[in-house]
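I would like to see how this sequence folds:
(chains A, B, C and D)
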Amino acid sequence: MDLKLRYHGRLIELFGKPEEIISVRSETADSLRKELEAMDVRFRESVFLLAQHHKIITRDDTLTAGDVDVFPPFSGG
Amino acid sequence: MDLKLRYHGRLIELFGKPEEIISVRSETADSLRKELEAMDVRFRESVFLLAQHHKIITRDDTLTAGDVDVFPPFSGG
Amino acid sequence: MKNKKIKNIFIEGGIPPEKIAQSISNHKSKTGIGAHDIFLGQVRADKIGNKMVGAIEFSAQEEMANEVCHEIREAVFDKFPVNCLHIYHSLGKVVVGEICFFVFVSSGHRDEVFESMPFLVNEIKAKVPIFGKEIFEDETHQWKINK
Amino acid sequence: MKNKKIKNIFIEGGIPPEKIAQSISNHKSKTGIGAHDIFLGQVRADKIGNKMVGAIEFSAQEEMANEVCHEIREAVFDKFPVNCLHIYHSLGKVVVGEICFFVFVSSGHRDEVFESMPFLVNEIKAKVPIFGKEIFEDETHQWKINK
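Below you'll find the predicted structure:
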């Protein structure tokens, strides 16, 4: 399915763009993480969180086509 | 020795005056407490603290002639 | 930082929010500070029996109160790595909804302010000779007792 | 009290002390409140190597941040008997000495605000998608990492 990865914070700098559309085979959060790490060394070397529909997704959480937020560690406050 | 008792808070109301000069035999905080309680039922029926020179005095603390603050429980804040 | 000078904590009447804003502004140049914690006591409309508190009138042994606050301040500086510390308390009448107590602690990081603030407020309540008279709306009163 | 409406926590640039004063004033009519606790984050002039932080530039996933703050707020209301609770955070550039984070908790008595405030601040730091970029005085930068 097609996902629009939306980068935040230092990840915008790291990838040199705020977002990109990619096509993936994954259907869960964990398999997407692995697919991204296999795709690009920058994912393997970064700590990142994934979110869809304004919720952090992990493990077996189901992916849906559309926007995925890709977050570096939070540093508000 | 002569002491000027300076009442505070509800004790001003209870004794009907802000201060009074009394002559006592006591030489320590604890004996003053007992002397006051023997002198007036209002002392026996009240919780009170004694202070001299801006310090709470208790037990064997030595009394000196002059001002003694007589405090009800503190209720600031 | 430690300071030998004994400050006057008392303010006549309710403490205006503008004073709190001014106090925050005064810390702008202290660039080692990362966290502030401000505690405010506000006069509550407590219902006692069928009467409602309308104001509290505060009195104090002012000189002793200022000295005890100075000692508490020194104790907090010894115990916690805080940068700045301010204490203000009302004297006289403060009506319901107004601020009567203002404590301000600043430090590099949040843990230090969260640890020192409850200690500081509890010390002040326990050791400073201040007395509150709760005045009901019908002008009768009772003497405040701290929990 | 609980509120279904999702509020916007973000303020462009540093949070002015006057806004904090206004927020305190707004609680005057809430006469069940006896204790307020205000936590403020201030931008610190950290020295990293031989460079000094001059400002932090904040960005966020704003919609998600507002929703997560709403959930944190509901959780605090469930867990602690607090009357009122407000969260504000800066977006964009905030220079050293300015306030970038403002959390306000009010309750009947002090114990509840002292217990709920550290929980609330830690939840926000851990769960809200906000990102700080520390800008040095020479215009280079590094990404802020929360301890």
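
show me the contacts for the spatially most central residue of chain A.
When CA atoms, centre = their mean is applied to chain A, the residue found nearest the centroid is A:Val70 (3.7 Å). By CB atoms under 8 Å, 6 or more residues apart in numbering or on different chains, A:Val70 lies in contact with A:5-8, A:11, A:48-50. (C-beta placed from N, C-alpha, C; glycine too.)

let's see that with 10 Å instead.
For A:Val70, the contact set (CB atoms under 10 Å, 6 or more residues apart in numbering or on different chains) comprises A:3, A:5-9, A:11-12, A:15, A:19-20, A:32, A:36, A:43, A:46, A:48-51.

over to C:Gly92?
Going by CB under 10 Å, 6+ apart, C:Gly92 touches C:10-14, C:55-59, C:100.

likewise C:Glu134?
Taking CB under 10 Å, 6+ apart, one finds B:75, C:43-44, C:46, C:48, C:51, C:53-57, C:140-145 in contact with C:Glu134.

and C:Glu123, how many neighbours does it have?
17 (other CB atoms under 10 Å in any protein chain shown).

doesn't it lie inside a helix?
Yes: counting by DSSP: H, G, I helix; E, B strand; the rest coil, C:Glu123 falls inside a helix.

so it versus D:Asp138, what's the distance?
From C:Glu123 across to D:Asp138, the span is 45 Å (CB to CB, to the nearest Å).

restrict the contacts of C:Gly92 to those near chain D?
The residues of the contacts of C:Gly92 that also fall near chain D, by CB under 10 Å from any CB of the partner chain, are C:14, C:100.

so where is the chain shaky, pLDDT-wise?
Since no chain was named, I'll use chain A. Along chain A, no part satisfies pLDDT under 70.

think we crossed wires, I meant chain C
C:1-3.

what parts of it come near chain A?
Residues of chain C that fall close to chain A, judged by CB under 10 Å from any CB: C:34-35, C:110.

picking up where we left off before, how about the residue nearest to the centre of chain A, secondary structure?
Following three-state DSSP, A:Val70 is assigned to strand.

which positions are bridged to it in the beta structure?
A:Tyr7, A:Leu50 (DSSP bridges).

quick check: A:Lys4 is in a strand.
Yes: counting by three-state DSSP, A:Lys4 falls inside a strand.

that one reaches A:Gly66, doesn't it?
Yes: shown here, A:Lys4 and A:Gly66 form a contact pair, counting by CB atoms under 10 Å, at 6.7 Å.

what's the distance between stretch C:119-127 and the middle of its chain?
Chain-centre distance of stretch C:119-127: 9 Å, with CA atoms, centre = their mean, to the nearest Å.

got a list of contacts for it?
B:56, B:73-77, C:9, C:37, C:39, C:41, C:65, C:68-69, C:71-73, C:75-76, C:79-80, C:82, C:85, C:87, C:89, C:101, C:103-105, C:113, C:130, C:146-147, D:35, D:37, D:110-111, D:113-114.

inside strands: which ones of these?
Judged by DSSP state E, strands contain the following of the contacts of stretch C:119-127: B:56, C:37, C:39, C:41, C:82, C:85, C:87, C:89, C:101, C:103-105, C:130, D:35, D:37.

most neighbours out of the residues you listed, which is it?
Each of the ones in strands among the contacts of stretch C:119-127 was scored by neighbours using other CB under 10 Å; the highest score is C:Ile130's, at 30 neighbours.

for the closest residue in space to C:Ile48 that isn't next to it in sequence, what are its contacts?
Nearest residue to C:Ile48, sequence neighbours excluded (CB to CB, 6 or more residues apart in numbering or on different chains): C:Gln142, at 6.9 Å. The contact partners of C:Gln142, taken as CB under 10 Å, 6+ apart, are B:10, C:48-49, C:51, C:53, C:132-136.

ok, the residues you listed vs chain A, which is closest?
For these, the closest approach to chain A (CB to the nearest CB) belongs to C:Gly132, at 35.9 Å.

element containing the closest one, please.
Taking DSSP states H and E as the definition, C:Gly132 sits inside strand C:130-136.

what residues sit buried inside that strand?
By neighbour count with 16 or more other CB atoms under 10 Å in any protein chain shown, strand C:130-136 contains the buried residues C:130-136.

then stretch C:95-112?
Going by 16+ other CB under 10 Å, stretch C:95-112 has these buried residues: C:95-108, C:110, C:112.

so which of those would count as near chain B as well?
Counting by CB under 10 Å from any CB, the members of these near chain B are C:100-101, C:103.

can stretch C:106-113 be found next to chain D?
Yes: residues of stretch C:106-113 are located near chain D by CB under 10 Å from any CB, namely C:106, C:108-111, C:113.

sheet partners, orientation included, of the helix or strand encompassing C:Glu57?
For C:Glu57, the host element (DSSP H and E) is strand C:51-60. Paired neighbours of strand C:51-60 in the sheet (DSSP bridges): strand C:47-48 (antiparallel), strand C:82-95 (antiparallel), strand C:130-136 (antiparallel).

how far off strand C:35-42 does the second one point, in degrees?
Orientation of strand C:82-95 against strand C:35-42 (axes from the mean of the first three to the mean of the last three CA atoms, to 10 degrees) gives an angle of 20 degrees.

next one: strand C:82-95 to chain centre, how far?
Centre-to-centre, strand C:82-95 and its host chain are 4 Å apart (CA atoms, centre = their mean).

ditto for the shortest one
The chain centre lies 24 Å from the centre of strand C:47-48; the measure is CA atoms, centre = their mean.

what's the answer for stretch A:15-29, then?
That offset, for stretch A:15-29, works out to 6 Å (CA atoms, centre = their mean).

residue of chain A closest to chain C, please.
Counting by CB to the nearest CB, chain A gets nearest chain C through A:Gly77, at 7.9 Å.

leaving out chain neighbours, which residue sits closest to that residue?
In space, A:Gly77 is closest to D:Lys125, 4.4 Å off (CB to CB, 6+ apart).

neighbours of residue 14, how many?
This is for chain A. 17.

nope, chain C
20.

how close does it get to C:Phe58?
10 Å.

identify the contacts common to the two.
C:43, C:90, C:92-94, C:100.

picking that back up, how far away is the residue of chain A closest to chain C from D:Leu40?
Distance, A:Gly77 to D:Leu40, using CB to CB: 10 Å.

which of these two has more neighbours?
D:Leu40 (26 against 23).

OK, contacts around the nearest residue to that one once chain neighbours are set aside?
In space, and not counting its chain neighbours, D:Leu40 is closest to C:His36: 4.0 Å by CB to CB, 6+ apart. Applying CB under 10 Å, 6+ apart, we find C:His36 in contact with C:23-24, C:27, C:83-84, C:104-107, C:110, C:113, D:20, D:38-42, D:99, D:101-102.

restrict the strand holding C:Gly132 to CA atoms and write it as CSV.
The C-alpha trace of strand C:130-136 is given here as CSV (Å, rounded to 0.1, in the frame of the first residue of the first chain):
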residue,chain,number,x,y,z
ILE,C,130,1.2,34.1,60.9
PHE,C,131,-2.5,34.0,62.0
GLY,C,132,-5.6,33.9,59.8
LYS,C,133,-9.0,35.0,60.9
GLU,C,134,-11.8,33.7,58.7
ILE,C,135,-14.5,36.4,58.3
PHE,C,136,-17.9,35.2,57.3
